[in-house]
Every structure is written in structure tokens, then in C-alpha cells.
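Undergrad: Sequence and predicted structure are below.
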Amino acid sequence: YELMASMAAQTEYPAPRLPRLAGDPVAAAAGTRQALGLAPDQPIGPLIRTLEHHGVWVLALPVSLPRRDACSAWAGGDGATPVIVVTATVAGDRRRFSVAHELGHLVLHHTPEGAPHALERQADAFAEAFLLPEAAMREALVPPITLTTLADLKARWGVSLQALIRRALTLEIISPSQYRSLSAQLGGRGWRTQEPIAVPVERPRALRQLAELLYGRPIRYAQ
């Protein structure tokens, strides 16, 4: 973070353009899509790149941490810099949801209020609505919902089968019993830990781009 801050101060790094929308996570997700110039009902392309273009600092740790895929904070002396930190992963869909979850914290919880588990549920609700907007999902998630139909949607929307199943439940497209059945099918096939249809792992780029801008390409590390 300190290295990023030092280099950003020497360049015209974009100022953060992330809204602060405390309250309803679903409304905040729609407002964030609008603020980032994203269509309200289409899949989001490279999520990390989009956030970096809008002044969000995304930093990567080259290690895996138990039960910790990402974290976030409004950083800097004035608390005005939105920062998301991701840990190492081999699952692109998991990283996208984790980044969207942390984006939810940044948008909703600039000044966190409430129990931690409630804040986590709000960030999850934000991530679902941000990545899988309701209008689009009601058109795409047409019963009968099967793992085969969900696999096609996974490739298009870049989220896990588990996330699609949860979204179908949230929107009451499937019943709780259908949700349990689909979840059991995932477990029976061993897909809870490793799903089929790989989603490419997005990686932050801004830190390296700043270094290349200031120290050449290839980077002259001695400087």
C-alpha cells in the first residue's frame, strides 16, 4: 500500500469515483453499477480492471490465507482511498465474488454500524445483486433449474454455480427444497471445492503499471 501510495502521488492516478450508499444493499448495487458506467442488466467484464479505472486500489498478496479471500478499507490519512486486498486463489469465480463482496463493504460501510454478521450479510446481498442483477436473472433463470442450465450461465456471468443457486433462492425462483437439492448435487459431484468450467483469475494491474510508468519496462528495480 505504501509503495502504491508513493507511486500514485508521482502520477495522475485517477481519483476514486466510488459512491457511498449506505442502506439497502440491492439499491446500492444498482447505484454502483451506474456510477461505474456499467449496464444495469449485463454481465460485468473484467471487474478488477473496472475498479482500478475508477480509482479503487486493488492489491494482491501472493499467499493463501485460511478463510480469508479478501479484505477492504477506506485508507489514507483522510480515509478517502478505497482499497481492496485479495489473496492467492485458483478460482476466478470465487475471486470475483470476493471482490464484489468487499466492494459492497466500501460502498455500504464507510462508517460501519451494526453487528459484524449483519454487515457480512449486507455485503453478500450487495455482491449478488451487483454481479447478478434481478431483471437479467429473472430472464436467465428459467425453471426447471438444473446444474446443466446453470453451467451455461456460469460461463456468461463469471460466477460460481453456488452463487447462481443462491441467487435463484433469493429471488424465489426456486424453493428452499430445490435449493437444498441442487446444493446436494454439487456436493455429490465434488463441486463444492472445485467446480467445472473455469473462470479466469483476474489479477490487479495498476501497481505494476505505475512501476512501469515510473521505472521503465522492464522495471528497473534498482531505482
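TA: Perfect, I can see it now. As the structure is a computational prediction, the values presented were derived from the model and not from experiment.
Undergrad: Not counting stretch 149-157 itself, show me its contacts.
TA: With contacts defined as CB atoms under 8 Å, 6 or more residues apart in numbering, stretch 149-157 is touched by 43, 93, 131-132, 140-142, 160-161, 164-165, 182, 195-197, 199. Backbone N, C-alpha and C define where each C-beta goes, glycine included.
Undergrad: Narrow those to those that are buried.
TA: 43, 93, 131-132, 140-141, 160-161, 164-165, 182, 195, 199 (16 or more other CB atoms under 10 Å).
Undergrad: now, the most widely separated pair of those?
TA: Pairwise distances among these were taken by CB to CB; the largest, 21.3 Å, belongs to P43 and L182.
Undergrad: Validate this expectation: S98 resides in a strand.
TA: No. Under the criterion used here (DSSP: H, G, I helix; E, B strand; the rest coil), S98 is helix, not part of a strand.
Undergrad: residues near it, how many?
TA: 21 (other CB atoms under 10 Å).
Undergrad: OK, contacts around it?
TA: By CB under 8 Å, 6+ apart, S98 lies in contact with 69-70, 86, 89.
Undergrad: got CSV for these, with distance to A115, neighbour count and secondary structure too?
TA: Converted to CSV, the contacts of S98 look like this (distance: CB to CB, whole Å; neighbours: other CB atoms under 10 Å; DSSP: H, G, I helix; E, B strand; the rest coil):
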residue, distance to A115, neighbour count, secondary structure
D69, 21, 19, coil
A70, 20, 23, strand
V86, 25, 23, strand
T89, 28, 15, coil
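Undergrad: possible to save the buried ones among the contacts of stretch 149-157 as TSV with secondary structure and pLDDT?
TA: Output for those, formatted as TSV (DSSP: H, G, I helix; E, B strand; the rest coil; pLDDT from 0 to 100):
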residue	secondary structure	pLDDT
P43	coil	97
D93	helix	95
L131	helix	98
L132	coil	98
A140	helix	95
L141	coil	94
S160	coil	95
L161	helix	96
L164	helix	97
I165	helix	97
L182	helix	96
E195	coil	88
V199	coil	93
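Undergrad: just checking, T11 touches L214?
TA: Yes. At 7.1 Å, T11 counts as touching L214 under the criterion of CB atoms under 8 Å.
Undergrad: These two: who's more crowded?
TA: L214 (14 against 11).
Undergrad: and the more buried one, that one's in a strand?
TA: No. L214: not assigned to a strand; according to three-state DSSP it is helix.
Undergrad: I figured V90 hits V201, correct?
TA: Yes. Under the criterion of CB under 8 Å, V90 makes contact with V201 at 6.8 Å.
Undergrad: And these two? Which one has more around it.
TA: Neighbours were counted for V90 and for V201 using other CB under 10 Å; V201 has more, 16 against 10.
Undergrad: Pull the contacting residues for that one.
TA: Applying CB under 8 Å, 6+ apart to V201 gives the contacts 89-92, 95.
Undergrad: circling back: out of the contacts of S98, which one sits closest to E52?
TA: Checking these one by one against E52 (CB to CB), the nearest turns out to be V86, at 12.2 Å.
Undergrad: Leaving out chain neighbours, which residue sits closest to the closest one?
TA: Once flanking residues are discounted, V86 sits nearest to A70: 4.7 Å by CB to CB, 6 or more residues apart in numbering.
Undergrad: Tell me the spacing between the one you found and G77.
TA: Between A70 and G77 the distance, using CB to CB, to the nearest Å, works out to 23 Å.
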